[in-house]
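Student: fold the following.
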Amino acid sequence: MSLLPETSRRVTEIVTSAQSAGRVPSLVLGVVRDRALACFTGAGEAPRPDAKTQYRIGAITKTMTAAMVMQLRDEGAFNLDDLVYRHLPGTSIGGVTLRQLLAHVAGLQREPDGDWWARTTGGDTDRLIEGLSFEKISWPPYRAYHYSNLAYGVLGAVLQRVTGETWPSLLAKRVIDPLGMKRTTYHPVEPFARGHVVHPWQHTLTEEPRLDAGAMAPAGQLWSTITDLAKWAGFLADPVPTVLSRDTVAEMCAPVAISDLESWTHGHGLGVELFRVGERVFTGHGGSMPGYAAQLTVHRPTRTGVVAFANAHTMPTPGGLRAVTTDALTAVLDLEPPLPRPWRGAGTPPPAEALRLCGRWWWMGREYEITWAAEAAELRMTCVTLPDRDAWHFRQESPTRWRGHTGSNAGEFLQPILDDSGSVTSLDIATAIFTRTPA
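Tutor: Coordinates of the predicted model:
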């Protein structure tokens, strides 16, 4: 569904103003809603806006590398708390975990040895691993958030060693092909935007080289289009379970570290950035390579997102490209709040174990209600007394036990208490006893 004309005009105004003030050759942006591209706009003539023109997406690549790590974890190939030496034996940084690498809390320095990898032709994985001296750990893990490109080069090496396949091959098989991202490639494929340095005084354009990042490719190699990256944004907002389960994407988007301990406006999950604007928390990632800037920003509760590219790294405007996407996304959410999903009745009644738990319950003078959510095959428990509280969701693990997976009861058990006749008299939720009456 397309945006309303007034909303599209406001988004276009944000983009054209940013392109002009930021002095970039071109700036393109797409709005995604319910996995579909709802609006495309752009400004500039080098090249002219086209949703199928490739730009380099830089560190947004990390979100796809992280997704593959989570896929293999879900398949049992490893645990996130495995130490690196288990998969890369002999490395001096083997005492950090995969989870710490994903969240940039492993204490690793930002870059590998040698010249800056974004401006040189990258070496192979063996050379990267050989350069991992102990000095690359700047401070003990979990001491503080410290963004590390090197961490994602290491994760790429782990993926390669565990599977026996190259990172590009894994990416095509596990992410790009399943989501139909046909214009997301390792090397640029025409038509693609040339990246530039914009001279600060003369405003002339100097084209940047487009180098192969080699072993550091998992940190920032990819090229994509608005059309393709919209599919990835749509996936992060509303996951396709055949690629990655909803629970696993939610796990990726939960904060592991907060990077600004005073204002709490920016943090990091497992491969994705989290940033708060007002009362909303957005998920996504920025990206840059010489001559390019990119940004993906998603509001998961409304299944809405924005992706944007510019073909110059510098934008002398407050907030850069992230501010452009958050401004555009905020405008869309303010002007066009998403419609609720249509209600559909259950095709079949709940299973007997769930049916006997549905209805009203009481605890500590508060009234609760349990209902059956057929579309998710789970129980949902809401507080009638405090209706603004989020519901607790429980999934069945056995005939007499349900495990919570949201809110304060995530990981806790709901267990019915039975009388001698086998009837449910009360509920035990993490030792709190709920009864059918307010006694």
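
Student: what's the burial count for Ser148?
Tutor: Ser148 has 23 neighbouring residues, counting by other CB atoms under 10 Å. For every residue, glycine as well, the C-beta is placed using N, CA and C.

Student: just checking, it touches Pro112?
Tutor: No - in this structure Ser148 lies outside contact range of Pro112 using CB atoms under 8 Å: 9.9 Å.

Student: contacting residues around the most centrally placed residue in the chain?
Tutor: Residue closest to the mean C-alpha point of the chain, counted by CA atoms, centre = their mean, is Val272 at 4.4 Å. With contact taken as CB atoms under 8 Å, 6 or more residues apart in numbering, Val272 is in contact with Thr63, Ala66, Leu236, Met252, Cys253, Thr283, Gly284, His285.

Student: distance of it relative to Leu222?
Tutor: Using CB to CB, to the nearest Å, we find Val272 at a distance of 16 Å from Leu222.

Student: give the buried residues for stretch 193-205.
Tutor: With burial defined by 16 or more other CB atoms under 10 Å, the residues of stretch 193-205 counted as buried are Ala193, Arg194, Gly195, His196, Val198, Leu205.

Student: avg pLDDT for stretch 194-208?
Tutor: Mean pLDDT, computed over stretch 194-208, is 87.

Student: list of residues touching it?
Tutor: Contacts for stretch 194-208 (CB under 8 Å, 6+ apart): 23-25, 46-47, 56, 210, 289-292, 311-314, 316.

Student: next, Phe78: phi, psi?
Tutor: When read as degrees, to the nearest 10, the backbone of Phe78 gives phi -170, psi 170.

Student: and it, how many neighbours?
Tutor: 16.

Student: ok, Val424 next?
Tutor: Using other CB under 10 Å, Val424 has 15 neighbouring residues.

Student: wait, isn't it in contact with Leu418?
Tutor: Yes - using CB under 8 Å, Val424 makes contact with Leu418 at a distance of 6.1 Å.

Student: nearest to Pro399 among the buried residues of stretch 193-205?
Tutor: Ala193 (58.5 Å; CB to CB).

Student: quickly note the distance from that closest one to Tyr368.
Tutor: Here the criterion is CB to CB. By it, Ala193 lies 55 Å from Tyr368.

Student: now do Ala219
Tutor: Counting by CB to CB, the gap from Ala219 to Tyr368 is 47 Å.

Student: between those two, which one's more packed in?
Tutor: Between Ala219 and Tyr368, Ala219 has the larger neighbour count (other CB under 10 Å), namely 27 against 21.

Student: can you pull out the helices in this structure?
Tutor: In the chain, the segments counted as helices under DSSP state H are 5-22, 61-74, 98-102, 125-130, 149-163, 167-171, 217-220, 226-237, 246-252, 320-335, 352-355.

Student: give me the buried positions along the fourth one.
Tutor: By neighbour count, with 16+ other CB under 10 Å as the criterion, the buried positions of helix 125-130 are Thr125, Leu128, Ile129.

Student: okay if I get those as a markdown table plus pLDDT and distance to Pro337?
Tutor: Below are the buried residues of helix 125-130 laid out as a markdown table (pLDDT from 0 to 100; distance: CB to CB, whole Å):
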| residue | pLDDT | distance to Pro337 |
| --- | --- | --- |
| Thr125 | 86 | 47 |
| Leu128 | 86 | 47 |
| Ile129 | 86 | 49 |
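
Student: thought Arg380 was touching Tyr368?
Tutor: No - shown here, Arg380 and Tyr368 do not form a contact pair, counting by CB under 8 Å, at 10.6 Å.

Student: residue contacts, Glu273?
Tutor: Applying CB under 8 Å, 6+ apart to Glu273 gives the contacts His266, Gly267, Thr283, Gly284, His285, Gly286.

Student: ignore the last one, Thr7
Tutor: Cys39, Ala331, Val332, Leu335, Glu336.

Student: got a winner among these for most neighbours?
Tutor: Val332 (27 neighbours).

Student: and that one, how far from Gly22?
Tutor: The spacing between Val332 and Gly22, counted by CB to CB, is 21 Å.

Student: same deal with Ala308?
Tutor: From Ala308 over to Gly22 the distance is 11 Å, taken as CB to CB.

Student: neighbour count: these two, which is higher?
Tutor: When neighbours are counted by other CB under 10 Å, Ala308 comes out ahead of the other of Ala308 and Gly22, with 28 against 21.

Student: pretty sure the more buried one sits against Thr326.
Tutor: No - using CB under 8 Å, Ala308 makes no contact with Thr326, being 10.3 Å away.
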